[in-house]
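1. Predicted model follows, preceded by the sequence.
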Amino acid sequence: MNDEADLAMASSTRELAVGTVHYHDIGSGPPLVMLHGGGPGASGQSNFGGNIPSLAKSFRLLIVDQPGYGGTPMPLSLSEHYLSYTARLLDALLAALNVGRAHVLGNSLGTSTAVRFALDFPGRMDRLVLMGPAGNVSPGMLAPRPTTGFQMVQNYYLPPGPSRDRMAAFLREMVYDQSILTDELIDSRYAATLHSGTSEGAARMLEHYRRPEFAAQAQMWQEIHLIENQTLITWGLNDRVNPWDGALFALQAMKNVQLHVWSGCGHWAQVERRAEFERLVTSFLLDAEQVP
């Protein structure tokens, strides 16, 4: 597999009635939607690029840029919460691709979208993987909130605005193993936040997300007991964005859930525990294919 060439060929943008969405469609097998986190400079490719060669051997990967990130624009105005809109956009994309049901994997912000999608469109969902879920999915019980990492996400685009130093500080909060943070990684993530469409869209998304009139739609911890799907939660024990104790609520509230925690791992399990993460996710999702 020529990873860069294959990924470039798999890149698509769809104009749907709901809105515009950019995604990568690569691999073969049961469809797996992958939803990235909400950090500055994030996109489907930046979050999951290293996992594609392995996972694409077993799944048809639909790696979606959420609104305000990557190549998916954030609408100028919304009359619903961001998560409700993104769930509708995902439903419309699957319909356009003739995909009836899919597994869904979300990281951080992506867990919020994945859970909103499971609640609003249960007929579309097979199994669910939640990586370091956000507090509106499973609130923390022990560690003080908001965390420094979460505040950095919220404040990155506020005055004085993006800078390489801000990006480097944010990325240091994301991982346990600091050797991962190469100059190339910092520069590429920082550069992504300087693109006018991305920076304006992401800033508008964060502003919209905080609007009080939509707050109730985001508090999905009140609804996760309704999810019937088999669910895998993964967490880094050293996650400084969404601490692992958030899992305690989900374990009590959800019907069909299991948890895997990695020591020596921060918010990016898919990077810091790449091979183990890929094996765990593949085993969990392919087990669904064995059920008669």
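-> On my side now, so go ahead.
2. Residue 203 and residue 157 touch, don't they?
-> Yes: assessed by C-beta atoms under 8 Å, residue 203 is found in contact with residue 157 at 4.0 Å. The C-beta positions use only the backbone N, C-alpha and C, and glycine is treated the same way.
3. Name the nearest residue to residue 93, sequence neighbours excluded.
-> Of all residues not flanking residue 93 in the chain, residue 21 sits nearest, at 5.5 Å (C-beta to C-beta, 6 or more residues apart in numbering).
4. That neighbour in helix, strand or coil?
-> Per DSSP: H, G, I helix; E, B strand; the rest coil, the local secondary structure of residue 21 is strand.
5. beta partners of it?
-> Here residue 21 sits in beta bridges with residue 14, as judged by DSSP bridges.
6. again, but for the one 4 residues further on
-> Here residue 25 sits in beta bridges with residue 62, as judged by DSSP bridges.
7. Quick check: it touching residue 13?
-> No: counting by C-beta under 8 Å, residue 13 is not a contact partner of residue 25; they are 11.3 Å apart.
8. out of the two, which sits in the busier spot?
-> Applying other C-beta atoms under 10 Å to residue 25 and residue 13 shows that residue 25 carries more neighbours, namely 17 against 12.
9. What ranges does the stretch 101-250 of the chain have for its helices?
-> Secondary structure of the stretch 101-250 of the chain (DSSP state H, counting those that start in this stretch): helices at 109-120, 148-155, 164-174, 183-192, 196-209, 215-218, 247-253.
10. need these in CSV with mean pLDDT, mean neighbour count and distance to residue 84, can you?
-> Output for these, formatted as CSV (pLDDT from 0 to 100; neighbours: other C-beta atoms under 10 Å; distance: least, C-beta to C-beta, whole Å):
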stretch, mean pLDDT, mean neighbour count, distance to residue 84
helix 109-120, 95, 26, 6
helix 148-155, 88, 18, 20
helix 164-174, 95, 18, 27
helix 183-192, 94, 16, 26
helix 196-209, 75, 18, 11
helix 215-218, 74, 14, 6
helix 247-253, 93, 17, 21
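11. can you put these in TSV and add distance to residue 274?
-> Converted to TSV, those look like this (distance: least, C-beta to C-beta, whole Å):
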stretch	distance to residue 274
helix 109-120	17
helix 148-155	20
helix 164-174	15
helix 183-192	14
helix 196-209	26
helix 215-218	30
helix 247-253	21
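12. Report the buried residues of the longest helix that the chain contains.
-> Taking DSSP state H as the criterion, the chain has its longest helix at helix 274-290. Using 16 or more other C-beta atoms under 10 Å as the burial criterion, the residues of helix 274-290 that qualify are 277-278, 280-282, 284-285.
13. Then stretch 49-63?
-> For stretch 49-63, burial by neighbour count (16+ other C-beta under 10 Å) applies to 49-52, 54-56, 58-63.
14. so of the residues you listed, which ones are in strands?
-> Judged by DSSP state E, the buried residues of stretch 49-63 include 60-63 as members of strands.
15. picking that back up, for the helices of the stretch 101-250 of the chain, which one sits closest to residue 73?
-> helix 196-209 (5.7 Å; C-beta to C-beta).
16. okay, now residue 125: neighbour count?
-> 21.
17. What separation do you get for it and residue 119?
-> Distance of residue 125 to residue 119, given as C-beta to C-beta, to the nearest Å: 9 Å.
18. same deal with residue 105?
-> 17 Å.
19. and what of residue 174?
-> Remark: distance between residue 174 and residue 119 (C-beta to C-beta) = 28 Å.
20. Could you do residue 91 as well?
-> Going from residue 91 to residue 119 by C-beta to C-beta gives 12 Å.
21. got it, and residue 106?
-> Taking C-beta to C-beta as the criterion, residue 106 is separated from residue 119 by 13 Å.
22. okay, residue 194: pLDDT?
-> Note on residue 194: pLDDT of 88.
23. Who are the contact partners of it?
-> residue 162 (C-beta atoms under 8 Å, 6 or more residues apart in numbering).
24. Any idea how far apart the tips of stretch 249-264 sit?
-> Length of stretch 249-264, first residue to last, C-alpha to C-alpha, to the nearest Å: 22 Å.
25. what's that stretch in contact with?
-> Residues from elsewhere that reach stretch 249-264 (C-beta under 8 Å, 6+ apart): 130, 133, 137-141, 176-177, 221, 224-225, 227-238, 244, 247, 269, 272-273, 276, 280, 284.
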